[in-house]
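In: how does the following fold in three dimensions:
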Amino acid sequence: MILLEQTLKNISSGDKEAIKKAWERMDSLSKPIGSLGKLEEIAVKIAGITGQVKNKINKKNTIIMCADNGVWEEGVSACPQELTAIITDNYTKGVTGIGVLSKNVGADITVVDIGVNGNFNNDKIINKKIAYGTKNIAKESAMTREEAIKAIEVGIEIVDNLVKEGYDLFGTGEAGMCNTTTSAAVISVFSGMDSDSIVGMGSGLTEEGFINKKRVVKEAIKLNNPDIKDPIDVIAKVGGFDIAGLCGCFLGAAKNRVPIVIDGIISCAAALCAYKLNTRVKDFMFPSHLSAEPGSKYVMNEIGLKPCLDMQMRLGEGSGCPLQFSIIESALAIMNEMATLQEASIEDSEFLVDIRK
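Out: Numbering: from 1, shown residues only. Down below sits the predicted model:
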């Protein structure tokens, strides 16, 4: 609890002076003002994080939190629970979606067992297991409050350690059967909306299975009655260890003043939890794609962020993060390398009037 409290106290907003200077340079570049859209916004936002107008990413890493969920017992997933452990192990082999995409952009991944229902003999998986999966939210709270805090602090610790290793851009991924169910429950609580409008199909559900999933989420929220004003209570009652761990990653990134990318619906749920704990984390978050899961739109609107991509992706794993890494680095290249109007010798040109419109 001490680490969480210290982290929340040590999160400050983006550097306004650096943001001002960054916009001044961006608007002086040899292009019409605003013509590079979100690339301009990203570069300026990074300046607010670092306090420097020009920035370069040195090392990139997507943190993947892996955990099982007791609600699997309710038939809300078409996949066997053992698949969580198999996928977790495969992440370390570089053959999954996140592995291939990460290698393509020169990024690393960090795999964390925060609650998989199984054991690993793999030194590439960091063992931070809170328990062998959560409890069944259809029958009781997913975890205790103490477990929720411990899981959040795991995420903070992972980011702290990776920052010390020189990483300065992070992504957020996960593995865990039924985690679209727990994410929908968390988002539904915070939104106050009917959970039926938040619950998505997940992976491979039949129409009958989808109806059952919506029923389970609705009943779990009613049974556990999480306190909307207490994000930790929401996580503990209807969330998952992966959501809690990723929530900690967002908080840890903000504390360390490094950018962090949101992936799909589970990452969205974790980002929302972090935002509810400290709204200033928004200044360090970068959405990647708009997940096909319906709850993602609410999260983006609630935090006030707009994804760069809409590709109908719903793989999870953090697969949207490497794509956003490339966009972020492209934005920084614009700020760093593009000539200003003066440098391009067109500042006094009659043409200037036209291109600045």
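In: show me the contacts for the closest residue to residue 174 other than its chain neighbours.
Out: What sits nearest to residue 174 in space, not counting adjacent residues and going by C-beta to C-beta, 6 or more residues apart in numbering, is residue 242, at 4.4 Å. Any C-beta I mention is one placed from the backbone N, CA and C, and that applies to glycine too. Going by C-beta atoms under 8 Å, 6 or more residues apart in numbering, residue 242 touches 65, 66, 67, 114, 115, 174, 175, 176, 179, 266, 270.
In: need the helix or strand of this protein with the lowest average pLDDT.
Out: helix 352-355 (a mean of 51; mean pLDDT, DSSP states H and E).
In: coming back round to it: which one of the contacts of residue 242 has the most neighbours?
Out: Per-residue neighbour counts (other C-beta atoms under 10 Å) across the contacts of residue 242 peak at residue 65, which has 36 neighbours.
In: ranges for the helices of this structure?
Out: 2-9, 16-28, 37-50, 83-91, 97-104, 145-164, 179-191, 207-224, 231-238, 241-256, 265-277, 295-303, 320-337, 352-355 (DSSP state H).
In: so which of those helices is the most packed in?
Out: Mean neighbour counts were compared across these using mean count of other C-beta atoms under 10 Å; the top stretch is helix 241-256, at a mean of 31.
In: which residues does the nearest residue to residue 156 once chain neighbours are set aside contact?
Out: Sequence neighbours aside, residue 252 is the residue nearest to residue 156 in space, at 4.0 Å (criterion: C-beta to C-beta, 6+ apart). By C-beta under 8 Å, 6+ apart, residue 252 lies in contact with 7, 155, 156, 157, 158, 159, 160, 163.
In: could I get those residues as CSV with pLDDT and distance to residue 144?
Out: Listed next are those as CSV, based on pLDDT from 0 to 100; distance: C-beta to C-beta, whole Å:
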residue, pLDDT, distance to residue 144
7, 98, 20
155, 99, 17
156, 99, 19
157, 98, 19
158, 98, 21
159, 99, 24
160, 98, 24
163, 98, 29
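In: nearest to residue 193 among those?
Out: residue 155 (26.5 Å; C-beta to C-beta).
In: next, the residue nearest to residue 343 when sequence neighbours are not counted: phi, psi?
Out: Using C-beta to C-beta, 6+ apart and skipping the chain neighbours, the partner closest in space to residue 343 is residue 30 (7.5 Å). The phi/psi pair for residue 30 (degrees, to the nearest 10) reads phi -80, psi 70.
In: burial of residue 30, as a residue count?
Out: The burial count for residue 30: 16, using other C-beta under 10 Å.
In: quick one: it and residue 335, what's the gap?
Out: Counting by C-beta to C-beta, to the nearest Å, the separation of residue 30 from residue 335 is 13 Å.
In: how about residue 285?
Out: Residue 285 is 19 Å from residue 335, by C-beta to C-beta.
In: what's the domain layout of the chain?
Out: 14-55+339-355, 60-334 (automatic domain parsing).
In: for the residue nearest to residue 156, report the pLDDT, please.
Out: Note for residue 252: predicted pLDDT of 99.
In: how deep is residue 144 tucked in, by neighbour count?
Out: Residues near residue 144, counting by other C-beta under 10 Å: 13.
In: that one is in contact with residue 233, isn't it?
Out: No: counting by C-beta atoms under 8 Å, residue 144 does not reach residue 233; the two are 10.9 Å apart.
In: one step back: which one of the helices of the chain lies closest to residue 59?
Out: helix 145-164 (8.4 Å).
In: packing partners of the closest one?
Out: Packing contacts for helix 145-164, counted by 3 or more C-beta pairs under 8 Å, 6 or more residues apart in numbering; DSSP states H and E, involve helix 2-9, strand 60-67, strand 108-115, helix 231-238, helix 241-256.
In: measure how the fourth one sits relative to helix 145-164, angle-wise.
Out: Relative orientation of helix 231-238 and helix 145-164, computed by axes from the mean of the first three to the mean of the last three C-alpha atoms, to 10 degrees: 110 degrees.
In: so residue 39 makes contact with residue 332?
Out: No: judged on C-beta under 8 Å, residue 39 makes no contact with residue 332 at a distance of 9.2 Å.
In: how close does residue 89 get to residue 228?
Out: 37 Å.
In: give the contact list for the closest residue to residue 317 other than its chain neighbours.
Out: Nearest residue to residue 317 in three dimensions, chain neighbours excluded: residue 98, at 4.1 Å (C-beta to C-beta, 6+ apart). Counting by C-beta under 8 Å, 6+ apart, residue 98 makes contact with 62, 64, 91, 109, 173, 317, 318, 319, 321, 322.
In: before we move on, what about residue 115?
Out: 66-68, 129-134, 151, 176, 240-242.
In: wait, residue 181 touches residue 214, no?
Out: No: assessed by C-beta under 8 Å, residue 181 is found out of contact with residue 214, at 9.7 Å.
In: between these two, what contacts are shared?
Out: Joint contacts of residue 181 and residue 214 (C-beta under 8 Å, 6+ apart) are residue 199.
In: so residue 292 makes contact with residue 315?
Out: No: using C-beta under 8 Å, residue 292 makes no contact with residue 315, being 9.8 Å away.
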